[in-house]
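Trainee: please work out how this folds:
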Amino acid sequence: MSDEVIRSIPGNAPIDIKALVHRWLYYVFRNDGFGTRSAQCLDLVEVSIVPNVDEPARRAARVVLEMTVTQDMLNSAEKTHGACIVYLVDICATLPIAAMLVAKGRENSAGVSQSINVIYHAPASLDDKLRLINTSTTIGARAWSARIEIWDVTHHRLVASATQVKMEAGSSKL
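Mentor: Numbers count the residues shown, from 1 in each chain. Alright, predicted model coming up:
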């Protein structure tokens, strides 16, 4: 990806952090596994490092993505499937964690999920535009966390909110 494209991504994050987030998305897009078609609908619209709202002496990474709900994201009731929402939380909430690790001078890692907690607020339907706002919560020595809000821009309502806790992937001891 060219520097010009990376620099065109809105937000105040340094170019190396914007490039990192873009690379993570590209990695997910080129995968042929579960959920790839849904992930390919994500558009990166902001990467920023901002003061933590609750503790201004700390910083947080904010990554905003947008997408349109497609047919393969729907359940039998023609609403976005809950499993699709969890998949998006898993992929998208990882992005501010990776960005904040690098911003703190630590090694870039996607880690592994320890916990994902989702609250479903309202359904989203085919062709609804979604905005996924992801913010790192804490980057500790062993555990990292982020929160996400998924907004239906079309109908001006919150679809889901979630938290994700991750940790560094350990090596197998087999």
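Trainee: who touches the residue nearest the centre of the chain in this structure?
Mentor: Taking CA atoms, centre = their mean, the centroid of the chain lies closest to residue 92, which sits 1.6 Å from it. Residue 92 makes contact with 42, 63, 65, 132, 134, 148 under the criterion CB atoms under 8 Å, 6 or more residues apart in numbering. For every residue, glycine as well, the C-beta is placed using N, CA and C.
Trainee: what bridges to the last one?
Mentor: In this structure, residue 148 has beta-bridge partners residue 134, residue 162, where bridges are defined by DSSP bridges.
Trainee: ok, it touching residue 131?
Mentor: No: if you go by CB atoms under 8 Å, residue 148 and residue 131 don't touch, sitting 10.6 Å apart.
Trainee: neighbour count for the two, which is higher?
Mentor: Remark: of residue 148 and residue 131, residue 148 carries more neighbours, 25 against 16, as counted by other CB atoms under 10 Å.
Trainee: quick check: the more buried one vs residue 105, distance?
Mentor: 25 Å (CB to CB, to the nearest Å).
Trainee: this structure: helices as residue ranges?
Mentor: According to DSSP state H, the chain carries its helices in the segments 3-7, 15-30, 36-39, 82-92, 94-103.
Trainee: show me where this structure dips below the pLDDT cut-off.
Mentor: Along the chain, the parts satisfying pLDDT under 70 run over 1, 28-39, 109, 170-174.
Trainee: could you count how many residues lie near residue 156?
Mentor: By other CB under 10 Å, neighbour count at residue 156 equals 7.
Trainee: can you check the one 3 residues further on too?
Mentor: With neighbours defined by other CB under 10 Å, the count for residue 159 comes to 23.
Trainee: measure it to residue 122 for me?
Mentor: For residue 159, the distance to residue 122 - CB to CB - is 6 Å.
Trainee: got any residues that touch both of the two?
Mentor: Shared contacts of residue 159 and residue 122, counting by CB under 8 Å, 6+ apart, come down to residue 152.
Trainee: about what we covered before: neighbour-wise, which one of the contacts of residue 92 leads?
Mentor: Most neighbours among the contacts of residue 92, by other CB under 10 Å: residue 63, with 33 neighbours.
Trainee: surely residue 80 meets residue 69?
Mentor: Yes: using CB under 8 Å, residue 80 is in contact with residue 69, at 5.6 Å.
Trainee: now do the shared contacts for those two.
Mentor: Residues touching both residue 80 and residue 69 (CB under 8 Å, 6+ apart): 124-125, 128.
Trainee: buried only: go through these for me.
Mentor: Buried members of those, scored by 16 or more other CB atoms under 10 Å, are 124, 128.
Trainee: make TSV out of the shared contacts of residue 80 and residue 69 and add distance to residue 165.
Mentor: Formatted as TSV, these follow (distance: CB to CB, whole Å):
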residue	distance to residue 165
124	25
125	30
128	28
